[in-house]
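Engineer: what would the 3D arrangement of this be:
(2 chains)
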Amino acid sequence: MTFFRKIGLALAFSPRMKALLLEALRIRSVWNSELVLIHVGGHGEDEEKLLSGLLAEVGVNKSELKVVWRKGKPADEILAACKSEKVDLLIAGALKKENLFQYYLGTVARKILRKADCSVLMFTNPSENPKTFQNLVVNAEDSLFVDDALHAACSIGVSDKSNWLHVVREIKMYGLTMSAAEQRSEDEYDALRHSLVKDEIDNVEKILQRIPHEGLKVNIKMVSGKSGFELVKFAQRKSADLLIVGAAQRRLSLFDRVFPHDLEYIFADLPCNLLIINPRNGNRKEESHG
Amino acid sequence: MVSLGHGDVVQLLIQLAIMLIAGRLMAELARKFKQPAVIGELLAGILLGPTVLGMINPDWFHALFPTPSGAGTVLTGMVQVAVVMLLFIAGLEVDLHIVWQQGRQAVFTSLIGLIIPFLIGFVFPYTFPNFFGIIEGQSQLTFGLFMGTAMAISALPVIVRILMDLNMFKSRIGLLVVASAMIDDVIGWMIFSVILGMIGKGSDMPFWNTALLTLAFAAVMLTVGRGLLNRVLPWVNRKLAWPGGVLSLSLALCFLAAAFTEFIGIHAIFGAFIMGVALGDSEHFSERAKEIVHQFINNIFAPLFFVSIGLRVNFFVNFDFLLTLTIVAIAFSGKIVGAGLGTRLGGFSWRESMAAGFGLNARGAMEIILGVIALENGLINEKVFVSLIIMALVTSMTSGPLMKWMLNKK
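Structural biologist: Numbering: from 1, shown residues only, chains lettered A, B, ... in the order given. Next comes the predicted model:
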């Protein structure tokens, strides 16, 4: 599997660091990747000791991985380290929910989610006994990274032998479409409603045909409304353990929190662990691709 | 509460029944020719009103729609409520998310597509006010500003229907046209509200006060107001009956916002429109709820409103060929050049840009509502009103075929 050749782990000496490291090690073994530990803060004997103790505890030799020590603003430094180390996937921990003040100012985890140029896997509840992802939800919204997100979801589902892969797709402007159909007969109106759903299911199936997912149970679900919000609700309803979405096509700003971007609905209340797919060759654009 | 007499009640119910039946029959006829319902409903009003029935048999017309009468007063009230509700659903149709997604391209298309028709629409009536039938004592500036706004506005539902018919609704150019029409709607109704505030009945607010109030109201409603709605709606969805709870609350909020803007000196329609935008943008206001609100208003109140237009104006007596031709020409040139240029600057081909211009040229129901309010507020006379209605019909009917022709052109 070639998805994530190099994995970065944002490591803070917090109570969850052991669990996060163990989760990262599981993912490293699944993808056979290199692992880089990134720590922002002091770098002295104490920190070296703490790290050595932690690695010994989890049974990892220091030579198996690289450690990057940085000083400065945590989010910025972590992302700069990812760039210089050419990290494909950054793993970090995040609180499920933040208060209104934190939401608008942005904490380290949310800043990473908003600004990262690589893929990000955010654990809301890392475990010291890491488990495979069994219930996956992936956003198949019509966007630049939809193929990559579905590809990643299928790969994880196959390698983790997941129970379910729920593929969620939005019917864009459903209300407006139906309201513009007022001049149709009852049969035509129903036919339009069905065709809206069918067209989108066909679109998803077309993408899935290109992606190997043998043995994986796939459920295609259509939603209408604010897709980010509906995605969160759906992931909660299905008790998902991993939500996979494509990255934003432009850098998210404060404006996207006032008039929420779909991803901001997810960041505001992480329903489960979150994987944002941002392929390195994806060239994030300043404007939408239309 | 004062109650209507027995005769008035019977008369009102007959009026409503006739208007709805005639509106529906003519809308069905329009449907046969693949035209929007509003065209049929307007024709129904013209047939029932002074233009046709009033000419052929004035006694029948006056027996059906006597003035003054208790029934007539109630009907006028219902029509006014219908306008407020129509603006509310126009607001619900605005999807800010689509607008942000389209980004700079939509801003180019909508702003240039708004500024150029606005300027052309302003300059001619301002320079030749008498030709355009300015009302005596009316400010040339206000008249010019109104005509500019009338040329700048677009009709989102007509555009969506055209794009759906052309199977282009979710295409790149389709989404751009929709997003641009949404921006045009928001800005257009803001400008119109400011103009109405300037000539407001009973309030002589200076221009800047009205403009600031309008902007402040929109900004507060779309931030704080929307935030409050996001707190209230989940509770409503959870605890109250569906869809009764959300329907009652949304219409109540629409009327409250309309009453508030009317009270502070901006027209009621603006409150209803912005409340529609704020509610429609809430993630807790479901698409299904939007659909129900649309159907309820579009099929009951919209026909009453559009049929009533034909009842109040004699289209035959007030038809001025030269004026109508001029207004239609200004409308076509301003919008097609403006929106076309804006789309081209946004990076689309000339062919696509012209198609977007033709698409955004449809004025439809929005222009008609604008015209009715302007007529009621003494901004325009009946001749200009009739010309604007004809312009709205011509632009709506030609928009689809012209767009198709342009896109199929080799």
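Engineer: neighbours of A:E57, how many?
Structural biologist: Each residue near A:E57 was counted by other Cβ atoms under 10 Å in any protein chain shown, and the total is 12. (Each C-beta comes from the backbone N, C-alpha and C, glycine too.)
Engineer: show me what contacts the spatially closest residue to A:N129 that is not a sequence neighbour?
Structural biologist: The shortest distance from A:N129 to any non-neighbouring residue, by Cβ to Cβ, 6 or more residues apart in numbering or on different chains, is to A:L22 (7.7 Å). For A:L22, the contact set (Cβ atoms under 8 Å, 6 or more residues apart in numbering or on different chains) comprises A:V58, A:P126, A:S127, A:E128, A:N129, A:P130.
Engineer: where is pLDDT lowest across the residues you listed?
Structural biologist: Taking the contacts of A:L22 together, the minimum pLDDT is found at A:V58 (90).
Engineer: ok, that residue - contacts?
Structural biologist: Taking Cβ under 8 Å, 6+ apart as the criterion, A:V58 is in contact with A:K18, A:L21, A:L22, A:L25.
Engineer: from the contacts of A:L22, pick the one nearest B:F315.
Structural biologist: For these, the minimum distance to B:F315 (Cβ to Cβ) is 72.4 Å, reached by A:P126.
Engineer: the closest one: which element?
Structural biologist: Under the criterion of DSSP states H and E, A:P126 resides outside all helices and strands.
Engineer: got the phi and psi for it?
Structural biologist: Torsion angles at A:P126 (phi, psi; degrees, to the nearest 10) stand at phi -70, psi 150.
Engineer: not counting residues beside it along the chain, what's closest to it?
Structural biologist: The shortest distance from A:P126 to any residue that is not its chain neighbour, by Cβ to Cβ, 6+ apart, is 3.8 Å, and that residue is A:A19.
Engineer: how close does that neighbour sit to A:N129?
Structural biologist: Counting by Cβ to Cβ, to the nearest Å, the gap between A:A19 and A:N129 amounts to 9 Å.
Engineer: more neighbours: which of these two?
Structural biologist: Neighbours per residue, other Cβ under 10 Å: of A:A19 and A:N129, the larger number sits with A:A19, 19 against 8.
Engineer: tell me where chain A has strands.
Structural biologist: A:6-10, A:34-40, A:66-70, A:89-93, A:119-123, A:135-139, A:164-170, A:218-223, A:242-246, A:273-277 (DSSP state E).
Engineer: A:E186 is nearest to which of the ones you listed?
Structural biologist: Comparison of those against A:E186 by Cβ to Cβ identifies strand A:218-223 as nearest, at 21.5 Å.
Engineer: ok so, going back, format the contacts of A:V58 as JSON lines; extra columns: pLDDT and distance to B:V94.
Structural biologist: Conversion of the contacts of A:V58 to JSON lines gives the following (pLDDT from 0 to 100; distance: Cβ to Cβ, whole Å):
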{"residue": "A:K18", "pLDDT": "92", "distance to B:V94": "50"}
{"residue": "A:L21", "pLDDT": "94", "distance to B:V94": "48"}
{"residue": "A:L22", "pLDDT": "95", "distance to B:V94": "48"}
{"residue": "A:L25", "pLDDT": "95", "distance to B:V94": "49"}
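Engineer: from the residues you listed, which is closest to A:R251?
Structural biologist: Nearest to A:R251, judged by Cβ to Cβ, of the contacts of A:V58 is A:L21 at 29.3 Å.
Engineer: which residue packs closest to that closest one, ignoring adjacent ones?
Structural biologist: A:V58 is the one closest to A:L21 (Cβ to Cβ, 6+ apart), at 5.7 Å.
Engineer: likewise B:F270?
Structural biologist: The shortest distance from B:F270 to any residue that is not its chain neighbour, by Cβ to Cβ, 6+ apart, is 3.9 Å, and that residue is B:S193.
Engineer: same check, this time on A:L90
Structural biologist: Nearest in space to A:L90, with sequence neighbours left out and distances taken as Cβ to Cβ, 6+ apart, is A:G8 at 4.6 Å.
Engineer: I'd say the residue nearest to A:P126 and A:T124 touch.
Structural biologist: No. With contact defined as Cβ atoms under 8 Å, A:A19 does not count as touching A:T124 (11.4 Å).
Engineer: is chain A within reach of the least confident helix or strand in chain B by mean pLDDT?
Structural biologist: Taking mean pLDDT, DSSP states H and E as the measure, chain B has helix B:156-165 as its least confident helix or strand, at a mean of 82. Yes. Counting by Cβ under 8 Å from any Cβ of the partner chain, chain A is contacted by helix B:156-165 at B:L156, B:P157, B:V160, B:R161, B:M164.
Engineer: next one, pLDDT for the residue nearest to the last one when sequence neighbours are not counted please.
Structural biologist: To tie it back to what came earlier, the one meant is B:M164. Spatially, and ignoring its direct neighbours in sequence, B:M164 is nearest to A:A180 (6.1 Å; Cβ to Cβ, 6+ apart). Residue-level confidence at A:A180 comes out at 77, pLDDT.
Engineer: over to the one 3 residues further on?
Structural biologist: Per-residue confidence for A:Q183 comes out at a pLDDT of 74.
Engineer: is it in contact with B:R161, as I believe?
Structural biologist: Yes. Counting by Cβ under 8 Å, A:Q183 does reach B:R161; the two are 7.4 Å apart.
Engineer: could you export stretch B:313-322 as CSV, CA atoms only?
Structural biologist: Only the C-alpha atoms of stretch B:313-322 are listed here, as CSV (Å, rounded to 0.1, in the frame of the first residue of the first chain):
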residue,chain,number,x,y,z
VAL,B,313,-53.9,47.7,-13.7
ASN,B,314,-55.3,48.0,-17.2
PHE,B,315,-52.6,46.6,-19.3
PHE,B,316,-54.2,47.7,-22.6
VAL,B,317,-54.7,51.4,-21.7
ASN,B,318,-51.2,51.6,-20.0
PHE,B,319,-49.3,49.9,-22.7
ASP,B,320,-46.7,52.2,-24.3
PHE,B,321,-44.9,50.4,-27.1
LEU,B,322,-41.9,52.7,-27.4
